[in-house]
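K.L.:
How does the following fold in three dimensions:
(one chain, ligands or ions: 2)
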Amino acid sequence: MSTVTWDERMKARKTASFGASYDYSQIAYEEAPMPALLDALCARLEGELGFRPNNCLLNYYPDGKSSMGFHSDDTDGLSDGTGVAIISLGSVRAIAYRNKLDAALRVDYPLPNGSLLYMSGQVQQEWVHAIPKDPHAGERISLTFRSIRR
Ligand SMILES: O=C(O)CCC(=O)C(=O)O
Ligand SMILES: [Fe+2]
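P.N.:
Ligands and ions are numbered 1, 2, ... in the order given. Prediction:
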């Protein structure tokens, strides 16, 4: 929280991008060196997922009023066969999934401190996801890892 230079171009939340350049939510993030701490996580994720992410985008949610609306992540820019990995730090928040074909189908999962969630391309095709508001939540940072196709 204190060592990252947060990007405030987005209204809803602060972000920061490291590694390969990446166009996300209509904002272009330039290539930036991957800090050693995040690079070590990329190496561990390679062991878990079978590919090494080259970009990490951080989202900072100062409190439970900060949220992310339903969307699916763009998969076109990702390396073939790879998805998005999310490591959560801080206050537990739920991620909500809504099925694209049946909007009544909704599943919520808690994302505790230190947890890893992996979303395959198929998840993005079939579901939208969101971080709903939560009046009880404190601050949280999500580290979202991708392998951007160069
Ligand atoms: O903060 C989260 O866990 C969700 C992040 C997310 O969906 C995204 O960055 O596209
Ligand atoms: Fe997302």
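
K.L.:
Not including adjacent chain positions, what is the nearest residue to residue 120?
P.N.:
Once flanking residues are discounted, residue 120 sits nearest to residue 83: 4.3 Å by C-beta to C-beta, 6 or more residues apart in numbering. Where C-beta positions appear, they are placed from N, C-alpha and C, glycine not excepted.

K.L.:
who's in contact with the one you found?
P.N.:
49, 75, 118-121, 123-124 (C-beta atoms under 8 Å, 6 or more residues apart in numbering).

K.L.:
Tell me how far the closest residue to residue 79 other than its chain neighbours lies from ligand 1.
P.N.:
Leaving out its chain neighbours, the residue that sits closest to residue 79 by C-beta to C-beta, 6+ apart is residue 147, at 4.1 Å. According to C-beta to the nearest ligand atom, to the nearest Å, residue 147 stands 15 Å off from ligand 1.

K.L.:
try residue 119
P.N.:
Taken as C-beta to the nearest ligand atom, the span from residue 119 to ligand 1 is 8 Å.

K.L.:
do the same with residue 71
P.N.:
7 Å.

K.L.:
May I ask you to confirm that that residue is in contact with residue 128?
P.N.:
Yes. Between residue 71 and residue 128 there is a contact under C-beta atoms under 8 Å: 5.9 Å.

K.L.:
Which one of the two is surrounded by more residues?
P.N.:
Taking other C-beta atoms under 10 Å, residue 71 and residue 128 do not tie; residue 128 has more neighbours (17 against 11).

K.L.:
Just say helix, strand or coil for that one.
P.N.:
strand (DSSP: H, G, I helix; E, B strand; the rest coil).

K.L.:
begin at 170 from here
P.N.:
With the count now opening at 170, the last piece we talked about shows up as residue 297.

K.L.:
ok, and the closest non-adjacent residue to it?
P.N.:
Counting by C-beta to C-beta, 6+ apart, the residue nearest residue 297 is residue 239, at 4.3 Å.

K.L.:
quick one: strands adjacent to the helix or strand containing that neighbour?
P.N.:
Using DSSP states H and E, residue 239 falls within strand 237-240. Sheet pairing of strand 237-240 (DSSP bridges) gives strand 296-300 (antiparallel).
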